[in-house]
Each structure stands twice: as structure tokens, then as C-alpha cells.
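Peer 1: Mind looking at a prediction? Sequence and model below.
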Amino acid sequence: MLATVRLDHLEPVHELNRSFLGFLQSQARVGRDCMGLPASAQPPLRAADGALLDDVARFPRALFQVRCDGVAGAGQELAADAERDARYHALALSILLAARHMSRQSPYQARFLLGLGVVQIELLRSLALPDLGRLAAASDVVHCAFTDQDWLWRGILTDTRPESRRQLALVALQPGLAREWPQRRPAHPVT
């Protein structure tokens, strides 16, 4: 009997990606902070329809990144950023709840699918639920993944060919992409 591959662990990532993309699109459409999304990726994001965003959300890794390791004393009150609205807080809280759950259930999946570091995983594992609400109110706790990889974002948002999507997914799943992947040069025109 053949074993079936279970991808249940990707469903929360896809749902969070879709929420994140919807929030980013609404920010881009009104000219607000896009949480590190490269400027070159903002026009295709503004123009994307719901079907494209659904497809992009199925990316096999989080398109967002959580920054919680710099928070000193997770139990202390955190000031809310005046620029952030209730929608950002709800998005950040959803992402933090899922990241905490995944960090407790499978640190490996938290590292691989969410891009969390060891310090972040340990912090999230130790937080109580009320701490997550305060952390979600902190400015810049959630931002775009791959902020220095504008070519990756443009490809995700514009190239719909299945083989290109698979290639982009494989590239994004490489450990340390955001730190170590070389900047891509634009293609030279054929003369």
C-alpha cells in the first residue's frame, strides 16, 4: 500500500499567507506602509485579483516573517504603534497564535515553514496567551519575508507558469535565503 503524503501542516500557512496578502494589498492600494514589501512588487500586488492572491497564498512557506526575538521581557506591556490599526493587530495576533502553536508542536516546521529562528521559537513557546495580545500590539512584529529579494516577490506575483512557481517555491525553501542568496542581476538583452 502506498503512503499518502499529508500536507495538513501547510493549510495554516496558506490561510495566514492569504490574510497577510489581503492586508498588504489593502495597504498598497491606499499608499500605506507595506511592511517591507519591495517597491517593485507593489504595482502587481495592487492589481492582483482574488484568484491570483489565492494562488500566491498557496506558496509552501510563510510570505511573512515574525520579529519577536528583539522583545525584551515578553511579560511587560508593549506600546501600540499609532500607525497600526485594528486590522493589523488582528493579523499579527493570528500569525503569533499560529506561530506559537507550531513552535510548540513542531519546532522543525516552525523553522522550515515560518522561517523562525531558535530564539524566536523558544520565546513563542514560553509566551502565555495574554502576552501574545500585547506582542501583537508592538510595532513591526510582522513584516514581509524576503524583503531583499524583490525578484522573488515579482516572480510570485506575476509569473503564473506552474514550472516557474515550483522553481520559486524551491528557491524560497532554501535555508538562509534572506541572508545568503545573492542578488540577481537583470537579464541582459540579446543583441
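Peer 2: Nice, I can see it.

Peer 1: Quick check on the residue sitting nearest the centre point of the chain: phi, psi?
Peer 2: With distances taken as C-alpha atoms, centre = their mean, Phe64 lies nearest the centre of the chain, 1.2 Å away. Listed backbone geometry of Phe64 is phi -120, psi 170, with angles given as degrees, to the nearest 10.

Peer 1: List the contacts of the residue nearest to it when sequence neighbours are not counted.
Peer 2: Here the nearest residue to Phe64 in space, its sequence neighbours aside, is Phe20; by C-beta to C-beta, 6 or more residues apart in numbering that works out to 4.6 Å. Glycine gets a C-beta too; all of them are placed from N, C-alpha and C. Taking C-beta atoms under 8 Å, 6 or more residues apart in numbering, we find Phe20 in contact with Ala62, Leu63, Phe64, Leu91, Ile95, Val142.

Peer 1: Contact partners for the second one?
Peer 2: Yep, that's Leu63 we're talking about. By C-beta under 8 Å, 6+ apart, the residues touching Leu63 are Asn17, Phe20, Leu21, Val56, Ala57, Cys144, Ala145, Phe146, Ile156.

Peer 1: possible to save those as JSON lines with distance to Val30, secondary structure and pLDDT?
Peer 2: Compiled in JSON lines, the contacts of Leu63 are given as follows (distance: C-beta to C-beta, whole Å; DSSP: H, G, I helix; E, B strand; the rest coil; pLDDT from 0 to 100):
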{"residue": "Asn17", "distance to Val30": "21", "secondary structure": "helix", "pLDDT": "97"}
{"residue": "Phe20", "distance to Val30": "17", "secondary structure": "helix", "pLDDT": "97"}
{"residue": "Leu21", "distance to Val30": "15", "secondary structure": "helix", "pLDDT": "97"}
{"residue": "Val56", "distance to Val30": "20", "secondary structure": "helix", "pLDDT": "94"}
{"residue": "Ala57", "distance to Val30": "21", "secondary structure": "helix", "pLDDT": "94"}
{"residue": "Cys144", "distance to Val30": "17", "secondary structure": "strand", "pLDDT": "95"}
{"residue": "Ala145", "distance to Val30": "22", "secondary structure": "coil", "pLDDT": "93"}
{"residue": "Phe146", "distance to Val30": "23", "secondary structure": "coil", "pLDDT": "90"}
{"residue": "Ile156", "distance to Val30": "22", "secondary structure": "helix", "pLDDT": "91"}
